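Enquirer: Here is my input; please provide its structure:
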Amino acid sequence: MELNGAPATIDQIKSLALTNYGHFTSMLVEDQQVRGLSLHMQRLARDCRQLYGVELETDRVRQYIRHALADTTQPTVVRVTIYDPELGLGTIGSDASPAVLVTTRPTPHGSPSPLRLQAVSYRREDPAVKHVGLFGPLRHRRSAQREGFDDVLFLNPDGTISEIATSNIGFVRDGQVVWPRSEYLSGVTMTLLNQALDEPVKAEPLTLAELADTEAAFATNAATGIRPVTSVDGVQWPEDHKVLRELRDLYTDIPAEHL
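Expert: Residues are numbered from 1 along each chain as shown. Sure thing, here's the model as predicted:
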């Protein structure tokens, strides 16, 4: 755990717990390379302008990531969190000097298991920003896991589908990928797939009642890639599907960018 390229102290990171104002992105680093690295940097720069009104030096961010991984040769999930340790609850309106916190964790072994989702009515605050305010999503994820599910699928007030707690969701209908049309965080993996697909991307308002007409479902996330979804409440799909295999192959073939 490094802040601006040096080991972080408790005093420096405690504001993340006590004030909890900031934004982040997570990425899978393999051999010092990242699929969609430019998109991750664009996200950090965009969200920094949105939350702090300042420009983020993304070259400096990349330098900090390289430094944090200097002694690591294994695939690693890297989270980059942007926040200002000097801002507190009573001084949140002060001019900001955001810092760069880089944390790492090992990648899970093997392919990720399929997801069983519980649908809940919930909309993340400021859904287009990947902010650190995760209480709502994690509260719903915990409730779902306590009831035997793996994660939650969020529904808008009108009943249309938006996103999973920390992933995007896509569906296969008539052999084509269909994304929900909604306000949500457009993930890097989702964006890369849309750029790589030969056919035009479909996005439609989708409700739970319409899922019975779909052939498969999947989640996208930078840390896990393409992950099968085998159920939402009582609707079930096979774990293996031709289009899901094609999507995984397509994603694997996307060139990575060097840090």
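Enquirer: residue boundaries of the strands in the stretch 101-250 of the chain?
Expert: For the stretch 101-250 of the chain, applying DSSP state E, counting those that start in this stretch gives strands covering 115-121, 151-155, 161-164, 168-173, 176-180, 202-204, 216-221, 225-232, 235-236.
Enquirer: Sketch out the low-pLDDT regions of the stretch 51-200 of the chain for me.
Expert: For the stretch 51-200 of the chain, applying pLDDT under 70 flags no range at all.
Enquirer: returning to what we had before: right, and the strands of the stretch 101-250 of the chain - which one's nearest Arg142?
Expert: Arg142 lies closest to strand 151-155 among these, at 9.4 Å (C-beta to C-beta). C-beta coordinates here come from the backbone N, C-alpha and C atoms, glycine included.
Enquirer: possible to save the strands of the stretch 101-250 of the chain as a markdown table with mean neighbour count and distance to Gly133?
Expert: Formatted as a markdown table, those follow (neighbours: other C-beta atoms under 10 Å; distance: least, C-beta to C-beta, whole Å):
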| stretch | mean neighbour count | distance to Gly133 |
| --- | --- | --- |
| strand 115-121 | 19 | 17 |
| strand 151-155 | 24 | 14 |
| strand 161-164 | 24 | 15 |
| strand 168-173 | 22 | 18 |
| strand 176-180 | 20 | 22 |
| strand 202-204 | 14 | 25 |
| strand 216-221 | 24 | 19 |
| strand 225-232 | 22 | 24 |
| strand 235-236 | 15 | 30 |
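Enquirer: Got the domain ranges for this structure?
Expert: Listed domain ranges for the chain are 2-106, 115-258 (source: automatic domain parsing).
Enquirer: okay, the strands of the stretch 101-250 of the chain in a markdown table with distance to Leu250 next?
Expert: Output for the strands of the stretch 101-250 of the chain, formatted as a markdown table (distance: least, C-beta to C-beta, whole Å):
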| stretch | distance to Leu250 |
| --- | --- |
| strand 115-121 | 20 |
| strand 151-155 | 24 |
| strand 161-164 | 20 |
| strand 168-173 | 13 |
| strand 176-180 | 10 |
| strand 202-204 | 16 |
| strand 216-221 | 12 |
| strand 225-232 | 9 |
| strand 235-236 | 25 |
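Enquirer: For Tyr52, find the nearest of the ones you listed.
Expert: strand 161-164 (24.4 Å).
Enquirer: Distance from the chain centre to that closest one, please.
Expert: 12 Å (C-alpha atoms, centre = their mean, to the nearest Å).
Enquirer: and if you look at stretch 250-259?
Expert: Distance of stretch 250-259 from its chain centroid, counting by C-alpha atoms, centre = their mean, is 17 Å.
Enquirer: Send me that stretch as CSV with only the CA atoms.
Expert: The C-alpha trace of stretch 250-259 is given here as CSV (Å, rounded to 0.1, in the frame of the first residue of the first chain):
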residue,chain,number,x,y,z
LEU,A,250,-12.5,-11.8,-28.0
TYR,A,251,-11.5,-10.3,-24.7
THR,A,252,-8.4,-12.4,-24.5
ASP,A,253,-7.3,-11.2,-27.9
ILE,A,254,-7.5,-7.5,-27.0
PRO,A,255,-3.9,-6.2,-26.9
ALA,A,256,-2.8,-5.0,-23.5
GLU,A,257,-1.0,-1.7,-22.9
HIS,A,258,2.3,-1.4,-21.1
LEU,A,259,2.5,0.5,-17.9
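Enquirer: residues in contact with stretch 235-251?
Expert: Stretch 235-251 is contacted by residues 35, 114, 172, 175-177, 189, 192-193, 196-197, 208, 211-212, 214-218, 225-226, 228-231 when judged by C-beta atoms under 8 Å, 6 or more residues apart in numbering.
Enquirer: switch the cut-off to 7 Å
Expert: For stretch 235-251, the external contacting residues (C-beta atoms under 7 Å, 6 or more residues apart in numbering) are 114, 172, 175, 177, 189, 192-193, 196, 211-212, 215-218, 225-226, 228-230.
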